[in-house]
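Asks: need a 3D model of the following:
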Amino acid sequence: MNEESKLPFTSHLEELRKRLIVCFVAVGVGFVISYGFKEYLFQILVHPLVKVMQPGDSLIFTGLPEAFFTYLKVAFLTGLMLAAPVIIYEFWIFVAPGLYDKEKRLMLPIVFLSTFFFIGGALFGYFLVFPWGFKFFLGFATETIRPMPSMKEYLGFSAKLLLAFGLVFELPLVITFLARLGIVSVDFLKKNRKYALLLFFVGAAILTPPDVVTQIMMALPLMLLFEISIIGARIFGKKKMEEDTAAEESAAAGGSE
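Replies: This next block holds a predicted model:
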């Protein structure tokens, strides 16, 4: 830790304001860029649904401004995703003064991995979960009951799922970070594995549509990510960090002699 961690509270507020401004500017730039491709972006987003719809079916909008605001939201969400690396980086820069030098060296890898896992989770939901989920819901259609999903409804539904999968895929980083701080240990994670699995299925039931297929398709990756988290905790946990620090101090003491 350095002297920056001892700055007065008002200085921290000023630093936070600067970081937030950078984040807002990044989101704004991403929004402007995305808005120029709003129709194309919405077509990409809606492709998994269109692919399983019957020939002749299409999305509708039930209010005059609905299509306009839907395109605005698509551009904003895309701009937010484009700005995600900047937002994550600014967050870690803000908390950096309270970290040790060894922890600061992990900032860039954490920014990269956070972005990688979030995008990976969203892509997993888009390419694997969406087709199964939409096929399940459209399966209730009959000759007298036709599905007529609206643009607004689909955007809210798909955005919620993409965000949910993006966030749950951050699990390895969160657990590894907690292990780094000494809050959890490898033994604790192994001992409570069965409770974690139960929480995964409960969480998947809450975050996903009410069908077994999509719930399982969220819970299974979480189980795999939890095992990856145990490996990360073993490699980067507090005990390992203390051993590395002791080795460095010993080497430094030996060199001084």
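Asks: can you point me to the longest helix in this protein?
Replies: helix 9-35 (DSSP state H).
Asks: name the residues that touch the following helix or strand past that one?
Replies: Moving toward the C-terminus from helix 9-35, the next helix or strand (DSSP states H and E) is helix 38-52. Applying C-beta atoms under 8 Å, 6 or more residues apart in numbering, the contact partners of helix 38-52 are 34, 58-59, 70-72, 74-75, 78, 126-127, 130-131, 134-135, 138, 149, 151, 154-155, 158. Yep, even glycine has a C-beta here, placed from its N, CA and C like the rest.
Asks: burial count for V50?
Replies: By other C-beta atoms under 10 Å, the residues close to V50 number 12.
Asks: repeat for the one 5 residues further on
Replies: Applying other C-beta under 10 Å, we find 4 other residues in the vicinity of P55.
Asks: what's the answer for P209, then?
Replies: Counted by other C-beta under 10 Å, the residues lying close to P209 total 16.
Asks: give me the phi and psi for it.
Replies: phi -60, psi 160 (degrees, to the nearest 10).
Asks: thinking again about what came up before, could you tell me which of the contacts of helix 38-52 belong to helices?
Replies: Taking DSSP H, the ones among those that sit in helices are 34, 70-72, 74-75, 78, 130-131, 134-135, 138, 151, 154-155, 158.
Asks: I'd like to know which of those are buried.
Replies: 34, 70-71, 74-75, 78, 130, 134, 138, 151, 154-155, 158 (16 or more other C-beta atoms under 10 Å).
Asks: which stretches in the stretch 101-250 of the chain count as helices?
Replies: Ranges of helices in the stretch 101-250 of the chain, per DSSP state H, counting those that start in this stretch, are 101-104, 107-124, 130-138, 151-168, 171-181, 186-191, 193-207, 212-236, 238-256.
Asks: include mean pLDDT and distance to V86 when you put the ones you listed into CSV, please.
Replies: As requested, these are exported to CSV (pLDDT from 0 to 100; distance: least, C-beta to C-beta, whole Å):
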stretch, mean pLDDT, distance to V86
helix 101-104, 70, 18
helix 107-124, 86, 9
helix 130-138, 89, 27
helix 151-168, 92, 16
helix 171-181, 87, 18
helix 186-191, 92, 32
helix 193-207, 90, 26
helix 212-236, 89, 25
helix 238-256, 53, 28
